[in-house]
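Peer 1: Task: produce atomic coordinates for the following.
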Amino acid sequence: MGLNQLWLVPALPLLGAILNGIAAGKLPRKVVSVIGVGSVGLSLLIALACFRELLALPEDARRVTQGLFTWVQSGDFQADVRYALDPLGAVMMLVVTGVGFLIHVYSTGYMGHEKAYGRYFSFLNLFTFSMLTLVLADNFLLMFLGWEAVGLCSYLLIGFGYQRPAAAEAGKKAFVVNRIGDWGFLLGIFLIFVTFGTLDFSAVFAQAPQKLAVGSALAAAIALLLFLGAVGKSAQIPLYVWLPDAMEGPTPVSALIHAATMVTAGVYMVARCHVLYLLSPVALLTVAIVGAATALFAATIGLVQNDIKRVLAYSTVSQLGYMFLACGVGAFASGIFHLMTHAFFKALLFLGAGSVIHALSGEQDLWKMGGLKPHLPRTHATVLVATLAIAGIFPFAGFFSKDEILWNAWLHGGPVLWGAGVVGAFLTAFYMFRLYFLTFGGRSRVTEEAKHHLHESPNSMTVPLIILAVLSLVGGLVQVPLLSGGQRLDAFLEPVFADAALVAGTGVAHGAASVAGSAAAHGAASGAAHAPGVEITLMVISLIVALSGIFVAHRFYVADPDLPCRLAERAKGFYRLLFNKYWIDEVYDSRIVQPIYRGSVRLWERFDAAVIDGAVNGVGKQIERGAALLRQAQTGYVQVYALILTLGAVVVLGYLALR
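Peer 2: Prediction:
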């Protein structure tokens, strides 16, 4: 079993979704679990077999396609349901099936008492199928199918507990905000078809250097429209607002959305379309600036959030910003590397948070936790590993991927983008260890009622935590810098991003110059001349920055727990600004949502009800009036009918006689 069975990788989760969906509420829970978990487990095994066969191929032949059937045929246009596997698709496929499988296993314990158990696993399987279709698609149309399907699944799963108004509203918010981004993505696809006459990746990317001039308006339009879709899916400024509210969904769903599926779609799409972005310095610069700004912006909000899942949500928004920063400076492989390591430690953080919430009978407020280390030993140990990884502490996976992004930001983006990344690294270390200390350290603030139910989670939940902890520890070793042969992921992805070598003389150089002027060029030159020394220096700086963030967090929440309150009291305005998330949601609601709502109501009242309904109802009333007049001729007397018949005959005969 191998590459010939590639189609089974997405097909098996789809089959699981169909079986559990049709029989929802009828099958025993064990059968639902076997179908739901087993389908993704088999998909993972086939994915591993495909990956092994792909590795056995020569580097220049590591791209295989598998067409299933013709989907759309209209004139000269044809779109097939065809899957493709190359090194980039293989990395994404393994992340989705591997992390997704562990989340499915975890769900059997976390959602064990859920009434709609079959419906939950049906949606979870469908989510996995949708993301696999997105990352394995060989053309933009099939990618768009997966793109929209993950949006649908996010709506279904975020609003899974639709009986709660907050969950229903969060699901709708995610759906609507993503429609804005998807509008841009669809326009980009239309523009690609008009320009190239095809939607196949290989044909579009092969023709792009000939049909799109570097820096042309057309190249910028295509790349920026596609990026608008990425901004929505991957929750970047200004369309990030749906992701924190998505925490209303079950915690395993949050882990799947944040780690392995929906939010990584935008980063993957930009990396897949890197040829188009390299032809537009403006688009590359936009990606870099949006990524850096989002990384900083979301990190500042995460500093003061008190809901354990919302802290992690803003952390995801920030970390996705780092991935886009990497892509924006032309380091597409580095962005995918951080996507991979982030999948490990972010899934672990969410599932660890779920274990804490499970132990506290649903409590999510950090200020009602504390002192949980002895009560939840496995959860504590694994969450500590994930926290060290996301903070960028050596030798955990996050250290290598974050440091590589910062190095490329310095080399190709200059001191401004690098500085934004470093500040974001400090904030990340601070707010993540704030979460850790408030949850597991210090004195217990757990309510007396919750103390009676404190217990470690079952094996179905803790075993996935342990596996993810191991991956969060060793996952960065595939890309060890400064070692000959150490950057194995770069070597594996090199056939996909080979044309990104043009970056030094095209898009990023021009784009970076717009940000930092000659400093970028100086940084690139010095980096090229003294790469090992400069890289080691920057690594040490980033590590010191991360350790400083941890030290400050310890000072605030362990050594002097009253210090945060004193600072918040002194800087009330700034604290309120961060705590209320810059009032962005309120601004959107007052300036965009409510005006559109009020305008829609007026349009309904003054046009739909008055004009359209008035016209339709008016026609009905005129027919009714005419019928009322005709009805008077129906007296029910035979004599009257005979008289009318006779008179009619006389009129007809008279008319004929006069002719």
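Peer 1: Distance check, residue 121 against residue 24.
Peer 2: When Cβ to Cβ, to the nearest Å is the yardstick, residue 121 and residue 24 sit 9 Å from each other. Where C-beta positions appear, they are placed from N, C-alpha and C, glycine not excepted.
Peer 1: Compare neighbour counts for the two and give me the winner.
Peer 2: In terms of neighbours (other Cβ atoms under 10 Å), residue 121 is the more surrounded of residue 121 and residue 24; the figures are 30 against 17.
Peer 1: Tell me how far the helix or strand hosting that one lies from the chain's centre.
Peer 2: Residue 121 belongs to helix 117-136 when assigned by DSSP states H and E. Distance, stretch centre to chain centre, for helix 117-136: 14 Å (Cα atoms, centre = their mean, to the nearest Å).
Peer 1: pull the CA atoms of that helix into PDB?
Peer 2: Backbone C-alpha positions of helix 117-136 (Å, rounded to 0.1, in the frame of the first residue of the first chain) are rendered in PDB as follows:
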ATOM      1  CA  TYR A 117     -21.600  11.700  20.300                       C
ATOM      2  CA  GLY A 118     -22.200  10.400  16.800                       C
ATOM      3  CA  ARG A 119     -22.800  13.900  15.300                       C
ATOM      4  CA  TYR A 120     -19.600  15.200  16.900                       C
ATOM      5  CA  PHE A 121     -17.400  12.500  15.400                       C
ATOM      6  CA  SER A 122     -19.200  12.900  12.000                       C
ATOM      7  CA  PHE A 123     -18.300  16.600  12.000                       C
ATOM      8  CA  LEU A 124     -14.800  15.900  13.200                       C
ATOM      9  CA  ASN A 125     -14.200  13.300  10.400                       C
ATOM     10  CA  LEU A 126     -15.600  15.700   7.900                       C
ATOM     11  CA  PHE A 127     -13.200  18.400   9.100                       C
ATOM     12  CA  THR A 128     -10.300  16.100   8.600                       C
ATOM     13  CA  PHE A 129     -11.500  15.100   5.100                       C
ATOM     14  CA  SER A 130     -11.900  18.800   4.100                       C
ATOM     15  CA  MET A 131      -8.400  19.800   5.200                       C
ATOM     16  CA  LEU A 132      -6.800  16.800   3.500                       C
ATOM     17  CA  THR A 133      -8.700  17.700   0.300                       C
ATOM     18  CA  LEU A 134      -7.400  21.200   0.600                       C
ATOM     19  CA  VAL A 135      -3.700  20.300   1.000                       C
ATOM     20  CA  LEU A 136      -3.700  17.400  -1.500                       C
END
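Peer 1: State the mean pLDDT of it.
Peer 2: The average of the pLDDT scores along helix 117-136 is 96.
Peer 1: Which secondary structure elements does that helix sit against?
Peer 2: Identification of packing neighbours for helix 117-136 by 3 or more Cβ pairs under 8 Å, 6 or more residues apart in numbering; DSSP states H and E yields helix 8-22, helix 29-56, strand 77-85, helix 87-110, helix 140-158, helix 265-272.
Peer 1: Could I get those in TSV, plus columns for distance to residue 377 and mean pLDDT?
Peer 2: TSV is the format used below for the helices and strands packed on helix 117-136 (distance: least, Cβ to Cβ, whole Å; pLDDT from 0 to 100):
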stretch	distance to residue 377	mean pLDDT
helix 8-22	33	96
helix 29-56	26	95
strand 77-85	41	91
helix 87-110	17	96
helix 140-158	30	95
helix 265-272	35	96
